[in-house]
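Novice: With the input below, show me the fold.
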Amino acid sequence: MLQSWRQAFPSAQCIDLQDPKTSDVNPVVVWLRLSSDGTVAQQIAAVRKYFASQALVVLSDMPNDLEALAVFASSARGYCNTHAGDEVLSKVAGVVSQGGLWIGESIMKRLLSAPMPKAALTTNTMWASSLTEREFEVAKAVALGASNKEIATQLGITERTIKAHVGAVLEKLQVRDRLQLALLVKDS
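Specialist: Sure, this is the predicted structure:
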């Protein structure tokens, strides 16, 4: 545990998901520090095997907006920097334990300043009708926070082809970036 974690949560304990005693623990809020092993969705799914209904806060050593979207798409209630100070961690815990969401400032600004994509103004599912089957698969993977490389591996095609599909999807749906695309897909 980092020093700031100990200061914010003196009675907290680290849990190894491989430890059989994991199922004996019943926390109000579960904190997951992302690692380089597996996708965000895979890591959250591993935690959800043991803590299906508890509020989940995901900590990232290098937080970014796309990762945040993947975190929230996987039912987490909070997302913040692993190295946040103890006061921030305490605030995150308070908000999340009361049923709120903890969203970073940069993603909140992007969400508030982003104009609504034209495709979203029609209906929640109309956007999909203008895409090919492959573009639809790529759009869904982007909404889950997958990188071009991860999508290429999943679909068994080249990363260059994925990049072309993402470009085509953004143009067809008239969305500015992957964040707007993810918001559009998640809303439907």
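Novice: Can you list the buried residues in stretch 168-183?
Specialist: 168-170, 173, 175, 178-183 (16 or more other Cβ atoms under 10 Å). No exception for glycine: its C-beta is placed from N, CA and C like everyone else's.
Novice: And stretch 44-63, by the same measure?
Specialist: So for stretch 44-63, counting by 16+ other Cβ under 10 Å, buried means 44, 47-48, 51, 54-60, 63.
Novice: count of residues packed around residue 40?
Specialist: Neighbourhood size, residue 40 [other Cβ atoms under 10 Å]: 25.
Novice: Determine the longest helix present in this protein.
Specialist: helix 159-173 (DSSP state H).
Novice: Can you name the residues in contact with that one?
Specialist: 117-119, 127, 130-131, 134-135, 138-139, 142, 148-149, 151-152, 155, 176-178, 181, 184 (Cβ atoms under 8 Å, 6 or more residues apart in numbering).
Novice: coming back round to it: take the buried residues of stretch 44-63 and keep only those in helices.
Specialist: 44, 47-48.
Novice: could you pull out the helices for the chain?
Specialist: Under DSSP H, the chain gives helices at 3-8, 40-48, 65-73, 86-97, 105-113, 118-122, 126-129, 133-143, 148-155, 159-173, 178-187.
Novice: Turn the ones you listed into CSV, including mean pLDDT.
Specialist: Formatted as CSV, the helices of the chain follow (pLDDT from 0 to 100):
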stretch, mean pLDDT
helix 3-8, 88
helix 40-48, 89
helix 65-73, 84
helix 86-97, 90
helix 105-113, 69
helix 118-122, 45
helix 126-129, 79
helix 133-143, 90
helix 148-155, 90
helix 159-173, 92
helix 178-187, 77
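Novice: Of all these, which one is nearest residue 25?
Specialist: Checking those against residue 25 by Cβ to Cβ gives helix 40-48 as the closest, at 11.7 Å.
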